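Trainee: Show me how the following folds:
(2 chains)
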Amino acid sequence: MSDFSEELIRSKTEDDKEESCVFSGTGMSFPWLQKHIGTVETGGKKEKDFAQTTSACLGFIQEALLKHQWQQAADYMHSYFQILEDSDSHKRQAAPEIIWKLGSEILFYHPKSSVETFNTFADRMKNIGVMNYLKISLQHALYLLHHGMLEDANRNLSHAETWRYGEKSSSQEVLINLIQAYKGLLQYYTWSKKKMELSTLDEDDYAYNTASQNMFDHSWKTSVNLRALIQTPGVWDPFVKSYVEMLEFYGDQDGAREVLTNYAYDEKFPSNPNAHIYLYNFLKREKAPREKLISVLKILYQIVPSHKLMLEFHRLLRKSEKEDHHKLGLEVLFGVLDFAGCTKNITAWKYLAKYLRQTLMGNHLAWVQEEWKTRKNWWPSFHFSSFWAKSDWKEDKALACEKALVAGILLGKGCRYFRFISKQDDQVLRKKIKQIKKSVKKHSVVNPGL
Amino acid sequence: MDFPSSLRPTLFMTGPLGLSNVPDMSFMCSWRDTLTLPESLPKNSENGAPHLSTVLLWEPETPGPLPLLPPGPDPWDPGVTAQDLLFRGGFPFRRKPQAVLDVTEQVSNPTVGSAVWRGLCTVTRPPFPQLSRFLWDHGDIAFAPLGKLMLENFKLEGARSRSKKKTVVSVKRLLQDLGGHQPWGCPWAFLSFRQRRFSILGGPVLGKSVASLLGELLYEELATRWEQLLLDDAFTGGALAWVPGRTAQVGQLVYPVGGALDKLCFQEVSLTPGGDPQALGDPGHIQLRGPVRQVVTRTVQGESLLAVRSDYHCALWKPSPAWGAGCLQPFRSRLSVDPPGWVMPLSCENPPPLETAPQNHSPCSLRNVSWAPPRPSPHPCWPVSPRLQQVYKDPETLVFCDPSPWRWADFTAHPRVLTVGDRTGVKMIDAQGPPGCGLLLFRGGAEASCQKGERVLLTQYLGECSPESLHPTLHLICTQFSLYLVDERLPLVPMLKWNHDLPSAPLWAQLLPPPRPGCPQPLLLGGQGGHLQLLHLTGEGASAPRLAGPPQSLPSSSDSLSAFPLLEPKSQWRLQERLKAPTIASWTPQATACCSRWLKALLKVPPAPPVWAAPTFSHRRLLGRMEQREVEPKGPEALRAAMAEGRLLRRRDLGSLPSAEPPPTPEPGPEDELSTRLEAAWEGQLATWWERQQGRSSGPGRQPKRRKRRTQLSSTFSSLSGRLDLSDATSPPHSPDRASPEARPRPPVTPPSQESTQELWARDVPSERQQTLRDYMARLPLQGDTPQGVSLPLSQTSSIRATPSRPQTLPDGTAELPPRRNTLRGATVSSSQTSSIRATPSRQQAPVLSGSQPHRKKPRMGF
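Mentor: Numbers count the residues shown, from 1 in each chain, chains lettered A, B, ... in the order given. Here you go, the predicted structure:
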């Protein structure tokens, strides 16, 4: 009872807590300010001995944790529990959270710790105060999940799911949704195990029917559990993935499409590239028309122009009949190669070399010039310096050849990169280099008149 | 590039900082970050984390970083500390101590006296008269300008005044009259008419104008100093860099030295695998025209580049191998600029004020304009040009309105896109795009579950180092509370958030190469106070970045104290202060051999601790002639001379006394429980004292419940510690298990005679807390050299619990020890029965009560 009343007055005292955190003139708070103030003891009452030992003990625990001295940390933790008897109600109320944070970390890493120890600790911590029940339950379940104890994790989440305290606040609701979603994920794991089993059974077998019925029950429960959370704004990749997989399995294509579309296009959600990737993959599985696929990837292109799907996007655009798609195809390739992480992507260079020739042969010099205009002041040193020519030739001759062709087309024969590669005398690549020289002579945009 | 195929579930909320109804995900622990959700069906139980943690542990070879180079020639000045600026006291502040700057005593100007300074209030009663102290300590600074103004009214030479002006006073006479007296506050002080006149005429000027003018200036200065003490971001990014040499074994350290940090040194250092690094020869240096704030090196396309940031300048150099030899001739700046290589000042209409401490090793910014100056870019396409290029301009802060004098910029994975950050957030902008465009990468708000008062202190692009182990799109964002990893492909949602708990502002970070290919990549995070933390980041290809193991703290420079030879206390204290001083860059683990050399040089510099000296008026050094006459017989000789001359012996005849006034007594400390208790015992009123003590510390009624929780939780951890038996009353006090195997700092000096008393107290302290107390004691500054010094902290910790250990530690009380012990224990028990007190019986190991807690004897939960 006493705990409840303490928790109830908590909302009031939280304001005081903020006040005690001293802010500077700018509104910025300094966690180390208290340390500075602590060094000054000219007038006020000295900190009580109890508080002094407790805070010293906390310092020791944190230090031991950061030095990976788990045993030492456990020893100090043993003493730190005295904070639960602190007469200062602020500290006493903040204590369970600190104890859980530090204690669970110790028990997670301690060599002598076992799952049972962790379970005991977690179960006791859940019931100290009421505010942490859900959070601790969730983390406890994650711990069990990490250790492969799916059933225990599921039991834990089921307990937490039914737990209510006071009026249902929004943060409580989100947490319960999260707990339910994790429960759904666990059910999905069971379901996918059953699916595996089912694939080994004969359809005429009696066991098949039971198993499939069983699976169906699971999926129904799971969908209930997952649906609430994935409508809340957030990043819910694992949940969405498993939910969609189940919906697809039971032929609910419309449901799956709706979930994915909402996940990708709802403005309240962060612009998560995976949302678009999942939708694209779904549409691809569904054999959606090319136009549809292009429209999904167009958005992904705007968010992550460096994504590896962009090469696939380019292929789609290349195959398209529309002229503006062809133009976009060139843009996409240039876009991929803009990124520092993609400079050695040989496929992209190969595509670009090929597509540049194709574009120029199709009399679209203007497209190339448009792309090149914004890049001509930095691509030469970014891609086509003599340093890169040497290092590319040393590391990957095929890449060097593709780049040389692009360099030659874009910068002309005088370009250092092209000159270096064309001078190389390599038995295997002699023919290829000759071809490159020929192509450059024919297509170079530097002297389009010739 | 691959994008993580499945991201960690995160709630996405929009809103301001400290939005309370968001479930705080930072409540999650660091171990949670090492968890990954299985993609499909999890394999059998695999607890890989503990194994990883041992692999990832970095063992320091020395207790702390040891100096490689001797300290510079300039004496080290500890600078302003919190004690110099803060006052903590007064009834309203007891519970919540407040930082108070007080200038009320000397300043008569009420507007200054009562000013509320930056949210920190002044109390009306002046307990810490800083201005007055300033006037005493730095009279020359305070009064010299005024003296200069009034120079024409004074005649310094001893010759007779030929001037007819009545406004000229002979200083010689005036000082003669003062004659080393201190009329200040002394009603019997002898005052000549000359002095009186001077005092009447000069009083208004000296008394009011000086104080109010000085007060205001001092006030501003102190406010600035205080802000600097809290956060000095001028050195964000660090000012120590390594320029790789032609071979892997040789390189150059680049760092600023000198009091003004305006001398950039290039020290050649040789590295041998497995051996200690060695400095080769004397460092070469360049004298610059401003303080060096940041030094960064980078190798771009096989070419090392060095960038230096000052307050208003940036420079980029291409280091030459000859630098280390001290020969600066071959040094060539690639910039067409005036020697010694500064880029031209930024063409800003209004020169930025001093508080502008912006910029970065890459693009820098001033005020609200971000500039892309010459700098070592990770992308070779940025041309090195002698011109600064404006990349961003905005009079507002990025996310919310907050006075942010700081702006920072860095690169991204796209060479044309830069990040621009201020205290409130970080934005990505296209350097060639239209102005005003951009996308927020990080927002100080609910999106990243930021706390109230949280501000960005450091942003850094992590992609440039090694694209193999981490996505080259990650950005590190540090606030005073947390560290965020943000992927530029998914703005606003941090991929990883970790509460770093650094005791000072994180101002420096560096991604280190992984020890072996495939290993997690260590990220070194440095705080202003020299604190270093190491995180192991992993997540390549299709997996999201995460912590590979528990973070680790590396020893800071103050930890290396034990490696130094023991010094006499004063030098030891000075060394300790030096090692604790804020750093402007990282320390690298160095050789022990340099230690003593460094120490010698450090201590060679005459220490100048603030010594209180009674101020006198004898500024006779102004007058050369008078100084000679000052050599007069002292003491008995003076008496004899006075008697012979038949005149009075004046005080000045005795010369300046060694201590004219006693130094200020230290402020009375807080109530000393030990002395009151001893006093009570001496007067035979211990029982009364005890009653009072009980009344004071009696807790609320729900004590037993909490205790139950506590013991329950304790048992979880005691199963780990294996010292459950220690809490058993029957266990012998000299249990070998009790001594912790790890060498914790022990109380430094424990004479053999006190060994037994140490163990006696141990018997009465709950075993679970003994180690805490030992370490706590070791941490506490021991109170002088009183014999009780060692056990004093113990009494403080145990007095609430009413442990009767205190009398035992008294040397004079040992004879009566057993009977007194018994009476006390009796008292404890009886009072604990009458009132619900904190002296919890279970904590006492009294035989009477040990039976009431049988569960403590055996392990619970069966493990």
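Trainee: Where do the strands of the stretch 401-550 of chain B begin and end?
Mentor: For the stretch 401-550 of chain B, the strands defined by DSSP state E, counting those that start in this stretch occupy B:408-411, B:417-422, B:425-430, B:439-443, B:456-461, B:474-479, B:482-487, B:496-499, B:506-511, B:521-527, B:532-538, B:546-547.
Trainee: Dump the ones you listed to CSV, plus mean pLDDT and mean neighbour count.
Mentor: No exception for glycine: its C-beta is placed from N, CA and C like everyone else's. CSV is the format used below for those (pLDDT from 0 to 100; neighbours: other CB atoms under 10 Å in any protein chain shown):
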stretch, mean pLDDT, mean neighbour count
strand B:408-411, 82, 27
strand B:417-422, 86, 26
strand B:425-430, 91, 23
strand B:439-443, 93, 21
strand B:456-461, 90, 24
strand B:474-479, 93, 24
strand B:482-487, 92, 23
strand B:496-499, 87, 20
strand B:506-511, 87, 22
strand B:521-527, 88, 22
strand B:532-538, 88, 22
strand B:546-547, 84, 22
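Trainee: right, so of those, which gets closest to A:D86?
Mentor: strand B:496-499 (22.2 Å; CB to CB).
Trainee: Sheet partners, orientation included, of the closest one?
Mentor: Partners of strand B:496-499 in the sheet, by DSSP bridges, are strand B:482-487 (antiparallel).
Trainee: A:Y143 is in contact with A:F108, correct?
Mentor: Yes. Using CB atoms under 8 Å, A:F108 is in contact with A:Y143, at 7.2 Å.
Trainee: anything in contact with each of the two?
Mentor: A:F118 (CB atoms under 8 Å, 6 or more residues apart in numbering or on different chains).
Trainee: re earlier: tell me which of the strands of the stretch 401-550 of chain B sits nearest to B:G147.
Mentor: strand B:506-511 (41.4 Å).
Trainee: what angle separates that closest one from strand B:521-527?
Mentor: Strand B:506-511 runs at 160 degrees relative to strand B:521-527, counting by axes from the mean of the first three to the mean of the last three CA atoms, to 10 degrees.
Trainee: contacts for strand B:506-511?
Mentor: Strand B:506-511 is contacted from outside by B:233, B:235-238, B:457-458, B:460, B:462, B:465-466, B:470, B:476, B:478, B:480, B:483, B:500, B:521-528, B:537, B:585-586, using CB under 8 Å, 6+ apart.
Trainee: Please pull out the lowest mean pLDDT helix or strand from chain B.
Mentor: None of the helices or strands of chain B scores lower by mean pLDDT, DSSP states H and E than helix B:110-113, at a mean of 31.
Trainee: is it true that B:M13 touches B:A448?
Mentor: No. B:M13 sits out of contact with B:A448 when judged by CB under 8 Å, with a separation of 9.7 Å.
Trainee: Those two - which one has more neighbours?
Mentor: More crowded of B:M13 and B:A448, by other CB atoms under 10 Å in any protein chain shown: B:A448, with 24 against 19.
Trainee: show me what contacts the more buried one?
Mentor: Here B:A448 is in contact with B:F442, B:Y484, B:L492, B:V493, B:P494, B:K497 (criterion: CB under 8 Å, 6+ apart).
Trainee: just to revisit the earlier point, now the strands of the stretch 401-550 of chain B in a markdown table, with distance to B:F198?
Mentor: Formatted as a markdown table, those follow (distance: least, CB to CB, whole Å):
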| stretch | distance to B:F198 |
| --- | --- |
| strand B:408-411 | 56 |
| strand B:417-422 | 55 |
| strand B:425-430 | 60 |
| strand B:439-443 | 64 |
| strand B:456-461 | 54 |
| strand B:474-479 | 57 |
| strand B:482-487 | 62 |
| strand B:496-499 | 63 |
| strand B:506-511 | 52 |
| strand B:521-527 | 53 |
| strand B:532-538 | 59 |
| strand B:546-547 | 72 |
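Trainee: So which of the ones you listed is nearest B:S718?
Mentor: Across the strands of the stretch 401-550 of chain B, closest to B:S718 is strand B:496-499 (CB to CB), at 27.5 Å.
Trainee: can you dump the C-alpha coordinates of that closest one into CSV?
Mentor: Taking C-alpha atoms only, strand B:496-499 is exported to CSV below (Å, rounded to 0.1, in the frame of the first residue of the first chain):
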residue,chain,number,x,y,z
LEU,B,496,22.1,3.2,-31.2
LYS,B,497,21.8,5.2,-28.0
TRP,B,498,24.1,4.7,-25.1
ASN,B,499,24.2,6.6,-21.8
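Trainee: so A:L317 touches A:D324, yeah?
Mentor: No. Taking contacts as CB under 8 Å, A:L317 lies outside contact range of A:D324: 9.2 Å.
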